[in-house]
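Engineer: Build me a model:
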Amino acid sequence: MRERSVWRWWGSVLLVAVGLLLLASLPTAALADFFSHPEHPWRQGPNHVGALWLRIAAVATAIMWVAGALLLLRWRSDADREPGQPVSRIEVGSVALIALLGLLVRIPFLGHGLWFDELAAIGDFTKHGPGPILGAWFTPSNHVLQSLLTWMSAQAFGADESSLRAPSWVAGTLAIVWMHALGRRVGGVRLGYAAALVMALMPVAVLETTEARGYGLVIFFTTVACWAFLRGMQDGEPWTWVVMAFAGAAATWSHFVAALVMVGFALVVVAVWFSRRREPLLRMRAQSAMVGIVMSGAMAITMLAPLLPDVIAGRALFAATDGDTPSLQSEEGLRLILMLGGTWAAALPPLPAALPGLLIMVIGLWSARRTPWARFALLASMAGFPLLILLALGGSWTYARFASFVVPGVALALALGVMTLIRFQRQLGVMAIAMLVASALVELALLPPRQPLRDAWEEVASRKGPGEIGIDLGLRGNISSFYAPPNMPVAPSGVLGSDLVVRLAEPRARWVVVTYPDFLPPQRWRELRDAGFEQDRAWPGWIDWGRGRVELWVRK
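Structural biologist: Numbering: from 1, shown residues only. As a prediction, this is how the structure comes out:
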């Protein structure tokens, strides 16, 4: 049985290597044409550099994966074993019910109108198809794997809110199942149930797995990577490092910041290696883990190779600048802390919304000190968080949602805290569960849409006259026109409304939909009033902590 398992994972590695070599055999010109973006602002024509880098990276990664698999096979010990943890039908049914609960909780958010980042990704990349998605990156809106899956979902089911968000929704549901597996590895079936339930209801997990952005995929693949890392360190079977390598690369493909997950794993491995109490067997498994981490990095570079020339050319986009990019000193810093309690408190006041989760998480961290594998799992799953803080302190801008890779660690810590309280006093544990569930459900129930662009344009559609023109006023481009009424022209007003005066001079322009009004220069309001416009309606939006408000201005 064990030898058959070896051939299965070895066969998978060989298939990956053959696929990479076949990819590398494609002509550079053909790949460059495939990756070309018709509206790329920095580059005209085919992406020759990205295509060449992909071919080189594919060959190097194929060699590294075969070499890594050989090392894993060589370092395999007789002490390594296929774990014998049978799964009962009751357990399968219970996890299925928890996953169903999480799926149902997420459904209402799928139908909310799309918000700025989702629409920017669709307009800049998704609508152009797989080639431009895989080979272009001139704004941070391209979360590559999510954009690709969104395009596929739109092709199969049409381009509405639910279908565009379906890949993230599916990933969020699967993350619940893998969260149970991770919790089960740490502390048994009951801890697995608790971890899955937390993942199903935690507001941060719910919100990030119901939008057409890469954060839901990051949560899923990070959960899988953490499970594989822990299982590999416990049982040493080489195939677990292959799973970890692929999951880590896929997480990075979903969002660049998820690369910190594998960097965090590497730091944990180094700590195990240099620990005074290290055991020879654990040291050997740490070596294998490092091989898997290197394999993951190589695969991630290959996945991102076509767009790396753009990333390098646009590296200034990662630098924080005064006033227009979020930093730890902004409200994003507070939300990063609240995220450790499982919520962003976007609807409820921060203290009552986040305090129960933060206290239970502290209890979970405290209780983990007595259980080596719990301590190890929490350290591995959360090691990337301080690295993100260091990046932000070093001059990179950051949003709280960039830390989505820490969600599995937060869910595990909350589950450990709940189980600790139950062991200490059952009634206290039940109260803790009730507080967490109540806080999560109330927070989710009170949340308005992220950014109600759809509502604003539906209002325009119900009142517009023949021949009238709309104007999109916001951060940039013509984002909101996705929801504009059919046959109604919508004029963009430039970055932060730089072209607004010109657009307002058009006599037929009667409607102005304003997004992110808090970020617009004060003179925009004077220009609107001077042209005879008045604010007609406003809709609240919770994204960016209440700054997702949408306003409708009408020429009277």
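
Engineer: Mind jotting down where the strands sit in this protein?
Structural biologist: Secondary structure of the chain, counting by DSSP state E: strands at 469-473, 490-492, 509-515, 533-539, 550-555.

Engineer: could you dump these to CSV with mean pLDDT?
Structural biologist: Listed next are those as CSV, based on pLDDT from 0 to 100:
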stretch, mean pLDDT
strand 469-473, 94
strand 490-492, 92
strand 509-515, 95
strand 533-539, 95
strand 550-555, 96
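
Engineer: can you count the residues close to the closest residue in space to residue 488 that isn't next to it in sequence?
Structural biologist: Leaving aside its sequence neighbours, residue 488 sits nearest to residue 470 (Cβ to Cβ, 6 or more residues apart in numbering; 5.9 Å). (Glycine included, C-beta is placed from N, CA and C.) Residues contacting residue 470 under the criterion other Cβ atoms under 10 Å number 27.

Engineer: For residue 470, give me its contacts.
Structural biologist: Shown in contact with residue 470 (Cβ atoms under 8 Å, 6 or more residues apart in numbering): 457, 460, 464, 481, 484, 488-491, 509-513.

Engineer: Next: residue 21.
Structural biologist: 58-59, 62.

Engineer: so what's the residue nearest the centre of the chain up against?
Structural biologist: The centre of the chain sits closest to residue 215, judged by Cα atoms, centre = their mean, with a distance of 1.1 Å. With contacts defined as Cβ under 8 Å, 6+ apart, the neighbours of residue 215 are 143, 168, 208-209, 254-255, 401, 404.

Engineer: pLDDT check: weakest of the residues you listed?
Structural biologist: Ranked by pLDDT, the contacts of residue 215 bottom out at residue 401, which has 92.

Engineer: neighbours of that one, just the number please.
Structural biologist: Counted with other Cβ under 10 Å, the neighbours of residue 401 add up to 23.

Engineer: got a pLDDT number for the residue nearest to it when sequence neighbours are not counted?
Structural biologist: Leaving aside its chain neighbours, residue 401 sits nearest to residue 215 (5.5 Å; criterion: Cβ to Cβ, 6+ apart). Model confidence at residue 215, given as pLDDT, is 97.

Engineer: for the one 10 residues further on, same thing?
Structural biologist: Predicted confidence (pLDDT) at residue 225: the value is 98.

Engineer: got it, and the one 4 residues further on?
Structural biologist: For residue 229, the pLDDT comes out at 97.

Engineer: Could you pull up the residues touching it?
Structural biologist: Residue 229 neighbours (Cβ under 8 Å, 6+ apart): 240, 244, 265, 289, 380.

Engineer: got the residues you listed as TSV, with pLDDT, neighbour count and distance to residue 197 columns?
Structural biologist: TSV is the format used below for the contacts of residue 229 (pLDDT from 0 to 100; neighbours: other Cβ atoms under 10 Å; distance: Cβ to Cβ, whole Å):
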residue	pLDDT	neighbour count	distance to residue 197
240	93	26	25
244	97	27	25
265	97	25	26
289	95	27	29
380	94	23	22
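
Engineer: hmm, back to that, of all the strands of the chain, which lies closest to residue 45?
Structural biologist: strand 490-492 (25.2 Å; Cβ to Cβ).

Engineer: related to what we said a few turns ago, which of the contacts of residue 21 lies closest to residue 369?
Structural biologist: Lowest distance from residue 369 to the contacts of residue 21 (Cβ to Cβ) belongs to residue 62, with 42.8 Å.

Engineer: Please report how far the closest one lies from residue 302.
Structural biologist: As judged by Cβ to Cβ, to the nearest Å, residue 62 and residue 302 stand 9 Å apart.

Engineer: out of the two, which sits in the busier spot?
Structural biologist: residue 302 (26 against 23).

Engineer: show me what contacts that one?
Structural biologist: By Cβ under 8 Å, 6+ apart, the residues touching residue 302 are 20, 54, 57-58, 60-61.

Engineer: same question, residue 468
Structural biologist: Taking Cβ under 8 Å, 6+ apart as the test, what residue 468 contacts is 488, 508-511.

Engineer: Can you check which residues contact both of residue 62 and residue 302?
Structural biologist: Taking Cβ under 8 Å, 6+ apart as the criterion, residue 62 and residue 302 both touch residue 20.

Engineer: any idea how far residue 444 is from the closest residue to residue 162 other than its chain neighbours?
Structural biologist: Once flanking residues are discounted, residue 162 sits nearest to residue 110: 4.6 Å by Cβ to Cβ, 6+ apart. From residue 110 across to residue 444, the span is 13 Å (Cβ to Cβ).

Engineer: Only the buried residues of stretch 31-49, if you could.
Structural biologist: The neighbour-count check on stretch 31-49 (16 or more other Cβ atoms under 10 Å) flags 31-37, 40, 43, 46-49 as buried.

Engineer: so can I have TSV of these showing pLDDT and distance to residue 344?
Structural biologist: TSV is the format used below for these (pLDDT from 0 to 100; distance: Cβ to Cβ, whole Å):
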residue	pLDDT	distance to residue 344
31	96	41
32	96	42
33	95	43
34	96	39
35	96	36
36	95	39
37	94	33
40	92	34
43	85	37
46	93	42
47	93	37
48	94	43
49	95	39
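
Engineer: Can you list which of the residues you listed are found in helices?
Structural biologist: 31-35, 48-49 (DSSP state H).

Engineer: from those residues, which is closest to residue 477?
Structural biologist: residue 35 (22.4 Å).

Engineer: residue contacts, the nearest residue to that closest one once chain neighbours are set aside?
Structural biologist: Nearest in space to residue 35, with sequence neighbours left out and distances taken as Cβ to Cβ, 6+ apart, is residue 135 at 2.5 Å. Counting by Cβ under 8 Å, 6+ apart, residue 135 touches 34-37, 47, 50-51, 306-307.

Engineer: Could I get those residues in TSV, plus columns for distance to residue 319?
Structural biologist: What follows is the contacts of residue 135, written out as TSV (distance: Cβ to Cβ, whole Å):
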residue	distance to residue 319
34	31
35	26
36	28
37	24
47	24
50	23
51	28
306	24
307	19
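
Engineer: what ranges do the helices span in the stretch 351-500 of the chain?
Structural biologist: Secondary structure of the stretch 351-500 of the chain (DSSP state H, counting those that start in this stretch): helices at 372-382, 384-393, 407-424, 426-446, 453-463, 500-504.

Engineer: Indicate which one of those is closest to residue 556.
Structural biologist: Closest approach to residue 556 among those (Cβ to Cβ): helix 453-463, 12.6 Å.

Engineer: Report the buried residues of the closest one.
Structural biologist: Buried residues in helix 453-463, counting neighbours by 16+ other Cβ under 10 Å, are found at 453-457, 459-460.

Engineer: Let me know the closest of those residues to residue 428.
Structural biologist: Distances from residue 428 to these, taken by Cβ to Cβ, are shortest for residue 455, at 43.6 Å.
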